[in-house]
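*Asks:* got a structure for you, letters missing:
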């Protein structure tokens, strides 16, 4: 059993209890234009070029002694064997690969290097993406092995996956970070590209189990930050039983830096961040609707 990972981040504190090691699985069936993990959308390996680190571009071509397509301005992005070779020999580490294949066993052994931190901080491993459930067989294989070793397991998910897998999720994971984008089906489909019926249905099922669920809402300007949007979302949350605690996450533009790296335009590059005053207004609006928020 093998799967594709585009990043492993250690000592994380915002992805579940304690210190977490976050595994980012590659691939997602949604197409959220504001997504900050742009390299996690495609299931294929992708190469990036940091021109600021590239010797051939910052000094001159002759200063770099390796045979590299960067010198001839070849595009970056495809899973080209030439780039794979450059990743290992580039002296300035300007070319990197997003999308490495692991067997479940190899990934677990890599993650268990952090076991002492999990034990001391009551932390564990969080699977994110992309959408981790897009590689659910690999995900479950890793979770089974980590769980047998007593590791606390969390998953960050969009909820867009087959509802028949809910029981498989609840028996393997301790904590779910559920990304609720919008409760309105029309607006969800217009912006994201699919219907949200399965998303909302999976959330209802997860809340009906014994698993701990944290509901996260990223407030994206023009998508879900108006008073009307908040009222629709609050109205849906009030129908849930039990009612989850909600964490608000203001939209940010960190993915702008990835435009040049992956030669890909980021649609929300010029979208302003949510003003602090507006965030305060949304907090009050949700609280007025009886929604419990993380502070």
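*Replies:* Cool, got the structure. Values in this document were obtained by computation on a predicted structure and should not be read as measured data.
*Asks:* Going by C-alpha atoms from here, please, whenever you check contacts or count neighbours.
*Replies:* Fine.
*Asks:* which residues touch the residue nearest to residue 19 when sequence neighbours are not counted?
*Replies:* Of all residues not flanking residue 19 in the chain, residue 123 sits nearest, at 4.7 Å (C-alpha to C-alpha, 6 or more residues apart in numbering). With contact taken as C-alpha atoms under 8 Å, 6 or more residues apart in numbering, residue 123 is in contact with 16-20, 117, 152.
*Asks:* cutoff 6 Å now
*Replies:* Applying C-alpha atoms under 6 Å, 6 or more residues apart in numbering, we find residue 123 in contact with 17-20.
*Asks:* And residue 124, by the same measure?
*Replies:* When contacts are counted by C-alpha under 6 Å, 6+ apart, residue 124 touches 20, 118, 151-153.
*Asks:* Looking at the contacts of residue 123, state which has the most neighbours.
*Replies:* The most neighbours of any of the contacts of residue 123, using other C-alpha atoms under 10 Å, belong to residue 20, which has 27 neighbours.
*Asks:* any idea how far residue 121 is from it?
*Replies:* Distance of residue 20 to residue 121, given as C-alpha to C-alpha, to the nearest Å: 9 Å.
*Asks:* One more: residue 86?
*Replies:* Where residue 121 is concerned, residue 86 sits at a distance of 39 Å (C-alpha to C-alpha).
*Asks:* contacts for stretch 148-156?
*Replies:* Contacting residues not belonging to stretch 148-156 are listed as 124-128, 173-178 [C-alpha under 6 Å, 6+ apart].
*Asks:* mind listing which of those are in strands?
*Replies:* Those of the contacts of stretch 148-156 mapping onto strands are 124-128, 175-178, per DSSP state E.
*Asks:* Reformat these as a markdown table; add distance to residue 227 and pLDDT.
*Replies:* Rendered in a markdown table, the data for those read as follows (distance: C-alpha to C-alpha, whole Å; pLDDT from 0 to 100):
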| residue | distance to residue 227 | pLDDT |
| --- | --- | --- |
| 124 | 37 | 98 |
| 125 | 36 | 98 |
| 126 | 33 | 98 |
| 127 | 32 | 98 |
| 128 | 30 | 98 |
| 175 | 30 | 98 |
| 176 | 27 | 98 |
| 177 | 24 | 98 |
| 178 | 22 | 98 |
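*Asks:* Of those, which pair is most distant in space?
*Replies:* Farthest pair in the ones in strands among the contacts of stretch 148-156 (C-alpha to C-alpha) is 124 and 178. Separation: 17.5 Å.
*Asks:* How many neighbouring residues does residue 292 have?
*Replies:* As a measure of burial, residue 292 has 15 neighbours, counting by other C-alpha under 10 Å.
*Asks:* isn't it right next to residue 245, touching?
*Replies:* Yes: applying C-alpha atoms under 6 Å, one finds residue 292 in contact with residue 245, separated by 5.3 Å.
*Asks:* picking up where we left off before, which members of the contacts of residue 124 occur in strands, if any?
*Replies:* When the contacts of residue 124 are checked against strands using DSSP E, the ones located there are 20, 152-153.
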